[in-house]
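Trainee: generate a structure from the sequence data that follows.
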Amino acid sequence: AALQALKRKKRYEKQLSQIDGTLSTIEFQREALENSHTNTEVLKNMGYAAQAMKKVHENMDLNKIDDLMQDITEQQDVAQEISDAISNRAAFGEEFDEDELMAELEELEQEELNKGMRDVRLPSVPSTSLPSRPGKLLACH
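Mentor: Next up is the predicted model:
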């Protein structure tokens, strides 16, 4: 009876090992099927996205887009000019001619320069006389 029980145990262990292998195979197959299903869904959705993008781009013309971008840039420039004009101080009551002011400024600068030149002390001129006959000149070739 002990021998029979040992044989039965070995048979059950073999069956258990086979069942475990079968379960592992089924588990692997299930995971492969899930991955295949996921990949199929991803590809299907990528196809939908590509079709949607194609449909959206059908109505877009690069020339129209370039024109639109130019219009936007021009309008931004106009808005900037308006903003600059508004933010600059207005010349209300400006009574002076800018050219006259520049001429007056130059006169003042010249007067200041002349005043500075009057204070310059030049060295005195030597009182000794120069030799009557210059020395030999060196010839340069």
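Trainee: three-state assignment of residue 127?
Mentor: Secondary structure for residue 127, judged by DSSP: H, G, I helix; E, B strand; the rest coil, is coil.
Trainee: tell me the contacts of it?
Mentor: Residues near residue 127 by CB atoms under 8 Å, 6 or more residues apart in numbering: none. C-beta here means a position set from N, CA and C on the backbone, and glycine is covered the same way.
Trainee: can you find the helix or strand of this structure with the lowest average pLDDT?
Mentor: helix 98-118 (a mean of 86; mean pLDDT, DSSP states H and E).
Trainee: please state the offset of that one from the chain centre?
Mentor: The chain centre lies 48 Å from the centre of helix 98-118; the measure is CA atoms, centre = their mean, to the nearest Å.
Trainee: any buried residues in it, and which?
Mentor: For helix 98-118, the neighbour count (16 or more other CB atoms under 10 Å) marks no residue as buried.
Trainee: can you classify residue 121 by secondary structure?
Mentor: Strictly by three-state DSSP, residue 121 counts as coil.
Trainee: low pLDDT regions in this protein?
Mentor: 89-95, 120, 122, 126, 130-131, 133-141 (pLDDT under 70).
Trainee: domains of it?
Mentor: 1-59, 61-91 (the TED database).
Trainee: returning to what we had before: how about the least confident helix or strand of the chain as PDB, C-alpha atoms only?
Mentor: What follows is helix 98-118, C-alpha atoms only, in PDB (Å, rounded to 0.1, in the frame of the first residue of the first chain):
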ATOM      1  CA  GLU A  98      15.200 121.900 -32.900                       C
ATOM      2  CA  ASP A  99      17.800 123.100 -35.400                       C
ATOM      3  CA  GLU A 100      18.100 126.400 -33.600                       C
ATOM      4  CA  LEU A 101      18.500 124.600 -30.300                       C
ATOM      5  CA  MET A 102      21.300 122.400 -31.800                       C
ATOM      6  CA  ALA A 103      23.100 125.500 -33.100                       C
ATOM      7  CA  GLU A 104      22.900 127.100 -29.700                       C
ATOM      8  CA  LEU A 105      24.200 124.000 -28.100                       C
ATOM      9  CA  GLU A 106      27.200 123.900 -30.500                       C
ATOM     10  CA  GLU A 107      27.900 127.600 -29.700                       C
ATOM     11  CA  LEU A 108      27.900 126.800 -26.000                       C
ATOM     12  CA  GLU A 109      30.200 123.800 -26.500                       C
ATOM     13  CA  GLN A 110      32.600 125.900 -28.600                       C
ATOM     14  CA  GLU A 111      32.700 128.700 -25.900                       C
ATOM     15  CA  GLU A 112      33.500 126.100 -23.300                       C
ATOM     16  CA  LEU A 113      36.300 124.700 -25.500                       C
ATOM     17  CA  ASN A 114      37.700 128.200 -26.100                       C
ATOM     18  CA  LYS A 115      37.600 129.000 -22.400                       C
ATOM     19  CA  GLY A 116      39.600 125.800 -21.700                       C
ATOM     20  CA  MET A 117      42.100 126.700 -24.400                       C
ATOM     21  CA  ARG A 118      42.800 130.100 -22.800                       C
END
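Trainee: understood, closing this out.
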